[in-house]
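**Student:** Generate a structure from the sequence data that follows.
(chains A and B)
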Amino acid sequence: MNTRILGGIGIAALAVVPLLGLGNYHLHILITVLIWGFVYTSWSIMGRFGMVSLGHGAFLGVGAYVATMLWNTMGLSPWVGIPVAMLVSMAMALLVGYPCFRFRIVGHYFALVTLALGEVVRLTIVGLRDQTGGSLGMTVTGVPEGTSLLALQFGDRSTFFYVALLVWLGGLVIWRLVDRSMLRYALEASSEDEDAAASVGVNVTRAKLMILMISAAMTTLGGALYAQYQMYINPETVSGIAISLQIVFAVIAGGLFTQLGPTVGAVFTLLLAETLRVTFGHDIHGLDGTIYGLLLVLFIIYMPKGITGSIMAGLTRRRRPTPAAAPAE
Amino acid sequence: MFDSFLLESIINGLLLGGVLALLALGLNLVFGVIDVVWICYAELVMVGMYAIFFLYVYYEVPLAGAIAAAVLGVALLGMILHRFVIEPVLGTAPINQLLVTGGVLFFLQAAATLAFGIEFRNIGIRMPVVEFGDMFFSFARILAFATALVGVLLLWLFLTRTYLGTAIRAISQDREIMPLMGVDPRRIYLITSAIGGGMAGVAASLLVLQYDVHPAIGLSFGPITFMVCVMGGLGNMLGGFVAAFIFAQFISVGGYLFQIEWGYVIAFCFFIAMMFVRPKGLFSR
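**Tutor:** Now for the predicted structure:
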């Protein structure tokens, strides 16, 4: 079947979801899946080329905090604040990315450098406690009427659902655009062999910087959106090593190499967390993390392509034997 | 003008450097030999700290015995980690080996929360404070510094003076040739993992004297240990050793001049600057 038609049906189905009269709880779950699905997609856009960042919490944190602080202290609308935050993130990505890519810092080294970046953003937020509230977090100042397009605040969950849906779709479109571009071939070549890629004219540093900055800007938007939705942010939940690893886990679980993989990862992790919460209640701390960790290890050992990747592999395997068997007859 | 507080923080930085050097040592050894970064290294330290805490406080084992048990226990944990988590993914993409230990990080941290709760636990030993002029130094830190130096020396002697140490160094230089010379790499990897784990256990015994144990303590030592290792050049033990002292100075003096978080931030900015200058570590060839 044509994937485009399937996609159209899927989007139409999602668009009518708020009209079904779902309760606030289910709508909340869906919005959360969309926001995190977008963040995870932003990570996978570079992660799929072997550029594993363990510090995307840095960009997430900048998105949440810069936009919120501009709004809270200066009354600057998130419509301005989010682009400013994106620029800050991209500058940060450039500053860290350039030496990394220029001097061939790849694999372990790159992962550890980004990990440090994520920590530093978290520590900076904590350190600026007079402005950010430190570890206590900060609340986004609400507009009195509850809903304001200018402030990007929507008291009504179904409106926010459409905002999140649009952003998430935007993320998938960017994923597809990158997938169809020359950048993809350049990066795939560089991830296999940088020397060979450079020898056929790929500007490895530039290609990697481009994808890093796209990913950073998208993640920043995701962070800002998360802040606008939750109306409360905290350095631990939007930056640092814990959230960065959570991003990686969800993408690996969902599937790193497919368009919908990160979203499936978001659904999977959220359903897991919610099921555990409903079954065991709030009191048992650490249960979800224990299971996450165990699953992450098992996924990498036994299912490195993730849920979607394994399903796709299963489908192609089933389809392939027919033509291969034909000549033998 | 002489600022004795500044001098105090410089010397404290030196002492902190010893701890960081010890932390970096085990990680560097494992990376140098097996080519795997244990992202969960600081969580192994946490396990060691809990082991000492419970043995000493609840089961009233003498401190020396508790420490010995913890070092052995974490060494065993290192072997288990290698055998059941790292070995299955050794042949796959290198980044998988990093991520799989990230899963172990999640697991250990959350399992500690599940088992012990989120309380901060203190072993309850009051270490004397050493007074020198108007400067005060924690005895625990001096002890940690001395142990770190002895640990480095012992490891160096082991690696250069024993047959096994020579085999370990050889395999880190050429992975393909050594099996042909009759060295079983799987055995060497297991032994290295045990030593790396043991180093984490030693670090745990020094940290438990200075800090409270809680499930997230790994997150406060982990990132700084990785930065030290990367700046020194992953797998380069001498580089890691020197980088540990540089970082500790930034944290200690920066923390004294501003606030403790800013010490870390300044250390990181220096780290970025160094990447432009020496991207593959301080003593890269």
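**Student:** Beyond the helix ranked longest in chain B, next helix or strand please.
**Tutor:** Secondary structure assigned by DSSP state H gives helix B:4-34 as the longest helix of chain B. Note on helix B:4-34: by DSSP states H and E, the next helix or strand toward the C-terminus is helix B:41-53.
**Student:** That next one packs against which elements?
**Tutor:** helix B:4-34, helix B:63-81, helix B:94-116, helix B:185-210, helix B:217-232 (3 or more C-beta pairs under 8 Å, 6 or more residues apart in numbering or on different chains; DSSP states H and E). Every residue, glycine included, has its C-beta placed from N, CA and C.
**Student:** quick one: it to chain centroid distance?
**Tutor:** Taking C-alpha atoms, centre = their mean, to the nearest Å, the mean C-alpha location of helix B:41-53 is offset from the chain mean by 11 Å.
**Student:** The longest helix of chain B - contacts with which helices or strands?
**Tutor:** Helix B:4-34 makes packing contacts with helix B:41-53, strand B:135-138, helix B:139-161, helix B:163-173, helix B:185-210, helix B:217-232, helix B:237-257 when contacts are defined by 3+ C-beta pairs under 8 Å, 6+ apart.
**Student:** burial measure for A:Ala250, as a count.
**Tutor:** Residues lying near A:Ala250 (other C-beta atoms under 10 Å in any protein chain shown) number 29.
**Student:** which one of the helices and strands packed on helix B:41-53 lies closest to A:Ala151?
**Tutor:** With C-beta to C-beta as the measure, helix B:217-232 is the member of those nearest A:Ala151 (34.0 Å).
**Student:** touching chain A at all, that closest one?
**Tutor:** Yes: judged by C-beta under 8 Å from any C-beta of the partner chain, helix B:217-232 and chain A are in contact via B:Leu219, B:Gly222, B:Pro223, B:Phe226, B:Met227, B:Cys229, B:Val230.
**Student:** Mind listing what's buried along that helix?
**Tutor:** Applying a neighbour-count criterion of 16 or more other C-beta atoms under 10 Å in any protein chain shown, the buried positions in helix B:217-232 are B:217-219, B:221-232.
**Student:** Can you report how many residues lie near the residue lying closest to B:Ala216 once chain neighbours are set aside?
**Tutor:** In this structure, B:Ala216 finds its nearest non-sequential neighbour in B:Gln109, 6.6 Å apart by C-beta to C-beta, 6 or more residues apart in numbering or on different chains. By other C-beta under 10 Å, 26 other residues sit near B:Gln109.
**Student:** Buried residues in the longest helix of chain B, which are they?
**Tutor:** For helix B:4-34, the neighbour count (16+ other C-beta under 10 Å) marks B:8-9, B:11-34 as buried.
**Student:** mind listing the strands in the stretch 101-250 of chain A by residue range?
**Tutor:** Ranges of strands within the stretch 101-250 of chain A are A:138-139, A:232-233, based on DSSP state E, counting those that start in this stretch.
**Student:** In contact with A:Ile243: list those residues for me.
**Tutor:** Counting by C-beta atoms under 8 Å, 6 or more residues apart in numbering or on different chains, A:Ile243 touches A:Gly57, A:Leu60, A:Gly118, A:Glu236, A:Thr237.
**Student:** that older thread, could the helices and strands packed on helix B:41-53 be laid out in JSON lines, adding mean pLDDT?
**Tutor:** Formatted as JSON lines, those follow (pLDDT from 0 to 100):
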{"stretch": "helix B:4-34", "mean pLDDT": "83"}
{"stretch": "helix B:63-81", "mean pLDDT": "91"}
{"stretch": "helix B:94-116", "mean pLDDT": "85"}
{"stretch": "helix B:185-210", "mean pLDDT": "88"}
{"stretch": "helix B:217-232", "mean pLDDT": "84"}
